[in-house]
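Colleague: Sequence and predicted model, in that order:
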Amino acid sequence: MTALPPSNAPDRADISESAASAYARDAAALARSREMAQEWRWQSQGGNERAIWAELRNSGFPPFQTQIDLGHIAFKCTCPSRIQPCKHGVGLLLLFVKNATFFQQNSPAEPDWVTAWIEKRLQKRQKTTEIAPETDEKKSQKQADDKQKRTDERVALVASGMDELEKLLLDLTRTGLLHLPEKTAVLEQAATRLIDAKSPALATRVRRFAQLPQQAEWHQEAIAELGQLWLIVQAFRQMEHLPENVQEDVKTQIGWTYKRAELLQLPDAASKPEHWLVAAQSINEADGLVEIRSWLLGLSSGQTALQLDYFHISQSVEVTFKPGELVHGSVVYYPSNAPQRAIFLAEPHNIYIPPPDLMDLQALADFKALRERYAAFISLNPWATGLMCVTNQVRLAQNSGQWALMDENDHVLLLSELWEERLRLHCLALTGGHPARFVLLYEKQKATPLGLIIDNQYYLLA
């Protein structure tokens with residue numbers, strides 16, 4: 001374990017080589033990072049109890065300035081890479097683990113570019129835990145009135161978009177979905193009008209519906225999606241008669257969003273602090289945005305959470321935590337009849353101590369219990385993206401010539417087509433075909449294995 005003495009930062013964890021290596025996206029990225037973890041590559045290095053920094057020699061060009069926040073592990077580098085941490089950041093952390101005294105040789109004062117970044121991060125963490133002070137009654141009433149006026153104006157715009165979408169869906173039902181491939185341009189126009197009608201999430205859903213004929217065997221999924229779109233339209237029509245949490249789910253499908261400060265002010269917003277396993281993480285680009293989707297599993301409560309982070313494609317993407325990591329913190333769920341999406345109350349702490357016994361996690365006994373839980377989940381929110389759960393004594397096996405998961409009762413669970421063959425081979429290598437404890441994402445009657453728990457270790461499968 002490596003530390004910079006003296007350290008009086010109570011929220012800073014000592015870092016092992018394995019923990020530092022985990023910040024690399026994959027084996028190839030780790031290899032490139034190890035090449036950076038050499039003293040001769042760096043200059044003007046330094047460190048204190050809250051950060052380390054150095055400049056990477058850059059062959060005649062201005063050096064890259066690389067820095068790491070040690071209080072809540074985070075990276076920043078002036079290199080062109082959009083995804084952080086880059087190889088320079090991970091390389092510098094690996095060098096720190098290998099030789100902390102290297103950062104004490106010159107003992108320079110903290111540079112302005114380090115101070116500015118660290119202070120900005122400290123202010124951001126303080127703001128996330130602060131609740132806005134109460135305003136006087138008159139100002140508060142004016143804010144409420146202005147908000148209601150904006151809401152009423154938006155509802156009117158959304159209603160006009162719903163009228164047009166309803167007519168289009170009725171037309172598709174009357175003419176038949178076999179004509180869906182011919183309706184691409186019409187659906188694209190409808191999506192554009194939905195954007196104008198302040199319904200961005202619904203517009204995205206219509207665009208994806210228009211693209212379904214590009215897939216093989218698209219007809220069944222198109223029928224299901226047509227039903228989902230129709231349900232959104234009719235739910236909006238009946239909004240005032242729906243329970244409050246169901247209204248929130250309808251608003252989410254339309255594109256209503258919450259600001260962070262609004263979430264924190266909700267009654268009983270935050271969960272109890274606990275350890276969270278980052279069970280899986282994906283990074284996708286679409287419509288000029290980078291989406292980071294992180295599935296979290298509470299080790300004490302057994303709760304699951306989905307954190308979504310969005311960045312414009314031109315921004316530098318900073319990943320807060322990595323798949324397979326353990327982090328500690330409290331989450332705040334977005335209002336829903338079946339809460340799933342969440343954010344951390346404050347930036348979570350990385351954990352480098354031996355984890356709790358992962359075998360103590362609550363697990364479903366078999367696939368019958370999984371389907372029953374999923375049915376209950378979907379009955380609460382029919383537009384939910386999927387259910388993450390832990391299943392006990394499941395094995396990967398062939399069934400009628402196809403790979404599938406089987407429980408102790410030989411009940412079969414089909415695998416998602418998106419689960420790659422290389423991951424299946426990795427799973428077989430880990431389990432040897434024997435039953436094991438799986439972490440799964442279940443949706444549309446198919447499963448995507450996210451990870452395996454073997455001998456109190458978590459192995460990524462996604």
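Modeller: Now that the structure is in, tell me what you want to look at.
Colleague: hey, what's residue 291 bridged with?
Modeller: Residue 291 has the following beta-bridge partners by DSSP bridges: residue 284, residue 310.
Colleague: residues in contact with it?
Modeller: Neighbour list for residue 291: 283-285, 308-310 [criterion: Cβ atoms under 8 Å, 6 or more residues apart in numbering]. Just so you know, the C-beta spots here come from the backbone N, C-alpha and C atoms, and that holds for glycine as well.
Colleague: now with 10 Å?
Modeller: Applying Cβ atoms under 10 Å, 6 or more residues apart in numbering, one finds that residue 291 lies in contact with 282-285, 308-311.
Colleague: Please apply the same query to residue 457.
Modeller: Contact analysis of residue 457 by Cβ under 10 Å, 6+ apart lists 324, 355, 358, 430, 451.
Colleague: The last one sits in which helix or strand?
Modeller: Looking back up the chat, that one is residue 451. In the assignment (DSSP states H and E), residue 451 maps to strand 446-454.
Colleague: If you count contacts, what does that strand end up packed against?
Modeller: In terms of contacts (3 or more Cβ pairs under 10 Å, 6 or more residues apart in numbering; DSSP states H and E), strand 446-454 is packed against strand 274-286, strand 289-298, strand 387-399, strand 402-406, strand 412-414, helix 421-431, strand 436-443, strand 457-460.
Colleague: Report the inter-axis angle for the helix or strand harbouring residue 210 versus strand 274-286.
Modeller: Using DSSP H and E, residue 210 sits within helix 200-211. Computed by axes from the mean of the first three to the mean of the last three Cα atoms, to 10 degrees, the angle separating helix 200-211 from strand 274-286 equals 60 degrees.
Colleague: on that earlier part again, average pLDDT across the strand holding residue 451?
Modeller: For strand 446-454, mean pLDDT rounds to 93.
Colleague: One more: stretch 260-274?
Modeller: On average, stretch 260-274 scores 81.
Colleague: ok, and what's touching it?
Modeller: 127-132, 258-259, 298-301, 303, 305, 327-335, 339, 342-346, 348-349, 356.
Colleague: Now the buried members of those residues.
Modeller: 258, 298-299, 303, 305, 327-335, 339, 342-346, 348-349, 356 (16 or more other Cβ atoms under 10 Å).
Colleague: Distance from the strand holding residue 451 to the middle of the chain?
Modeller: 17 Å (Cα atoms, centre = their mean, to the nearest Å).
Colleague: Pull out the buried positions in it.
Modeller: 446-453.
Colleague: Of the residues you listed, which is the nearest to residue 425?
Modeller: Distances from residue 425 to the buried residues of strand 446-454, taken as Cβ to Cβ, are shortest for residue 449 (12.5 Å).
Colleague: pLDDT weak spots in the stretch 301-450 of the chain?
Modeller: 350-356 (pLDDT under 70).
Colleague: what about 80?
Modeller: Along the stretch 301-450 of the chain, the model assigns pLDDT under 80 to residues 313, 315-320, 346-360.
Colleague: Now do the same for the closest residue to residue 166 other than its chain neighbours: its pLDDT.
Modeller: For residue 166, ignoring the flanking residues on the chain, the nearest one in space by Cβ to Cβ, 6 or more residues apart in numbering is residue 233 at 5.0 Å. Listed pLDDT for residue 233 reads 96.
Colleague: Please, which helix or strand holds residue 233?
Modeller: Judged by DSSP H and E, residue 233 forms part of helix 219-237.
Colleague: For the helix or strand following that helix, name the packing helices and strands.
Modeller: Downstream of helix 219-237, the first helix or strand assigned by DSSP H and E is helix 244-254. Here helix 244-254 touches helix 137-175, helix 200-211, helix 219-237, helix 367-380, going by 3+ Cβ pairs under 10 Å, 6+ apart.
Colleague: Pull out the buried residues from the next helix or strand along the chain from the first one.
Modeller: Note on helix 137-175: by DSSP H and E, the next helix or strand toward the C-terminus is helix 184-196. Judged by neighbour count (16+ other Cβ under 10 Å), helix 184-196 contains these buried residues: 187, 190-191, 193-195.
Colleague: Could you identify which of the helices and strands packed on strand 446-454 is most buried?
Modeller: Of all the helices and strands packed on strand 446-454, strand 436-443 has the most neighbours on average by mean count of other Cβ atoms under 10 Å, namely a mean of 22.
Colleague: between that strand and strand 387-399, how big is the angle?
Modeller: Using the same axes, to 10 degrees, strand 436-443 lies at 110 degrees relative to strand 387-399.
Colleague: circling back to that earlier point, so which of the buried residues of helix 184-196 comes closest to residue 161?
Modeller: Taking the buried residues of helix 184-196 together and measuring to residue 161 by Cβ to Cβ, the closest member is residue 194, at 4.8 Å.
Colleague: Confirm for me that that closest one is in contact with residue 209.
Modeller: No - counting by Cβ atoms under 10 Å, residue 194 stays clear of residue 209, with 11.7 Å between them.
Colleague: Domain parsing of the protein, as residue ranges.
Modeller: What automatic domain parsing lists as the domains of the chain is 17-128, 137-254, 268-356, 359-460.
Colleague: Give me the distance from the longest one to the chain's centre.
Modeller: Think domain 137-254. Going by Cα atoms, centre = their mean, the spacing between the C-alpha centre of domain 137-254 and its chain's C-alpha centre is 24 Å.
Colleague: Please tabulate the helices and strands packed on strand 446-454 in JSON lines and include distance to residue 246 as additional columns.
Modeller: Shown next, in JSON lines, are the helices and strands packed on strand 446-454 (distance: least, Cβ to Cβ, whole Å):
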{"stretch": "strand 274-286", "distance to residue 246": "27"}
{"stretch": "strand 289-298", "distance to residue 246": "24"}
{"stretch": "strand 387-399", "distance to residue 246": "18"}
{"stretch": "strand 402-406", "distance to residue 246": "32"}
{"stretch": "strand 412-414", "distance to residue 246": "29"}
{"stretch": "helix 421-431", "distance to residue 246": "36"}
{"stretch": "strand 436-443", "distance to residue 246": "20"}
{"stretch": "strand 457-460", "distance to residue 246": "35"}
